[in-house]
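Participant: 3D, please:
(one chain, ligands or ions: 2)
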Amino acid sequence: MGLEVCKAVDAAPDLDLVALIDHNDTLASAASAGARVLVDFTNPGVVMDNLKWAIDQGIHSVVGTSGFSQERLDQVRGWLVEKPSVGVVIAPNFGIGAVLMMQFAARAARYFESVEIIEQHHPRKLDAPSGTATHTARLIADARKAAGCPPMPDATREEFGGARGADVDGVRVHAVRAAGLVAHQEVLFGTAGETLTIRHDSLDRSSFMPGVLLAIREVVKRPGLTLGLDDLLA
Ligand SMILES: NC(=O)C1=CN([C@@H]2O[C@H](COP(=O)(O)OP(=O)(O)OC[C@H]3O[C@@H](n4cnc5c(N)ncnc54)[C@H](OP(=O)(O)O)[C@@H]3O)[C@@H](O)[C@H]2O)C=CC1
Ligand SMILES: O=C(O)C1=N[C@H](C(=O)O)C[C@H](O)C1
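Facilitator: Ligands and ions are numbered 1, 2, ... in the order given. So this is what the prediction gives:
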């Protein structure tokens, strides 16, 4: 993703790529190159240190790295209190279709007795379930709670642990990893006599670039924490 973002920024006439940071580089080279925005696609083990450093330097951040729990988001909000002019955009998925898939799923949530999420990714992915699936499950859980939906019907007793997937805020999430896949998600709703499937496929990593470029352009105008692309697309 890092290389794909560098290519996209380099090709954008209104943006300048001033530094590329890999594992062996120090973030200080970004500051000395005059970076205004840091884009982070690394891993959950290092992203918080990167973000804290950028906020302390007064550099805005666009973050795609997964693994942002509520605790982590609250920690970022706390850091931003000290730097009120700095903006941070954290998006579980920069694909415009994926953002719409999540919005549609949240809208459908209250009308169906059952809902499960099946996410599918390339086998080099380090985390499961995906950040997108976790975020979608939370949106669905919030919508069901707001509508007063009862718990989903499910009489299953698992014969093998994990057969019913992970429980994310009461929503079952199934993670598939297979060669040939990029990033895909289905949200399967069911109620009496009907099902609704909402599916999104990222077939190539270029799918994330319009969202990343939008976030880079917008983050400098939006102090504080922006979660997801929804407000940027409104
Ligand atoms: N929000 C979205 O739309 C998307 C989010 N993602 C997320 O982005 C993250 C990265 O995904 P992906 O590119 O596939 O993962 P990769 O593992 O291919 O790339 C991560 C890169 O980060 C580098 N890295 C690790 N630590 C540091 C560090 N301290 N400073 C600088 N670079 C570092 C790694 O270097 P090395 O290999 O040397 O360790 C590696 O090159 C994941 O969390 C993934 O889930 C991915 C796609 C879309
Ligand atoms: O690792 C990936 O590839 C992706 N990660 C993000 C996630 O965890 O949801 C976004 C997209 O699914 C691709």
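Participant: what secondary structure does the residue nearest the centre of the chain sit in?
Facilitator: The structure's the chain has its C-alpha centroid closest to residue 92; by CA atoms, centre = their mean the separation is 0.4 Å. Under DSSP: H, G, I helix; E, B strand; the rest coil, residue 92 falls in the coil class.
Participant: can you check the one 5 residues further on too?
Facilitator: In terms of secondary structure, residue 97 is helix; the call rests on three-state DSSP.
Participant: Tell me who's in contact with the residue nearest to the centre of the chain.
Facilitator: Applying CB atoms under 8 Å, 6 or more residues apart in numbering to residue 92 gives the contacts 66, 68, 130, 131, 132, 134, 135, 228. In this view, the C-beta of every residue, glycine as well, is placed from N, C-alpha and C.
Participant: Swap in 10 Å and give it another go.
Facilitator: 63-68, 98-99, 102, 130-136, 138, 227-229 (CB atoms under 10 Å, 6 or more residues apart in numbering).
Participant: again, but for residue 127
Facilitator: 43, 44, 65, 66, 67, 121, 134, 175.
Participant: Please report the distance of the fifth one from residue 190.
Facilitator: Going back to what we said before, that points to residue 67. 30 Å (CB to CB, to the nearest Å).
Participant: now do the last one
Facilitator: When distances are taken as CB to CB, residue 175 and residue 190 turn out to be 20 Å apart.
Participant: can you list the residues of this structure near ligand 1?
Facilitator: Neighbours of ligand 1 within the chain, by CB under 6 Å from any ligand atom: 1-2, 21-23, 41-43, 46, 64-66, 91-94, 127, 131, 208.
Participant: let's see it at 5 Å
Facilitator: Within the chain, the residues that sit near ligand 1 (CB under 5 Å from any ligand atom) are 1, 21, 23, 41, 42, 46, 64, 65, 66, 93, 94, 208.
Participant: So which of those residues reach ligand 2?
Facilitator: Answer for the residues of the chain next to ligand 1 near ligand 2 (CB under 5 Å from any ligand atom): 66, 93.
Participant: Check the residues of the chain next to ligand 1 for the minimum pLDDT and say which it is.
Facilitator: Model confidence across these bottoms out at residue 23, which has 85.
Participant: if I pick that residue, what's in contact with it?
Facilitator: Contacts of residue 23 (CB under 10 Å, 6+ apart): 42, 46.
Participant: Tell me the secondary structure at it.
Facilitator: Note that with three-state DSSP, the state of residue 23 is coil.
Participant: Tell me the helix or strand right after the helix-or-strand element of the chain with minimal mean pLDDT.
Facilitator: Across the helices and strands of the chain, mean confidence by mean pLDDT, DSSP states H and E is lowest for helix 28-32: a mean of 88. Using DSSP states H and E, the helix or strand that follows helix 28-32 in sequence is strand 37-40.
Participant: Mind giving me the packing neighbours of the longest helix along the chain?
Facilitator: Across the chain, the helix with the greatest residue count (assigned by DSSP state H) is helix 131-146. If you count contacts as 3 or more CB pairs under 10 Å, 6 or more residues apart in numbering; DSSP states H and E, helix 131-146 packs onto helix 96-108, strand 114-121, strand 166-168, strand 171-177, strand 183-191, strand 194-202.
Participant: Noted, bye for now.
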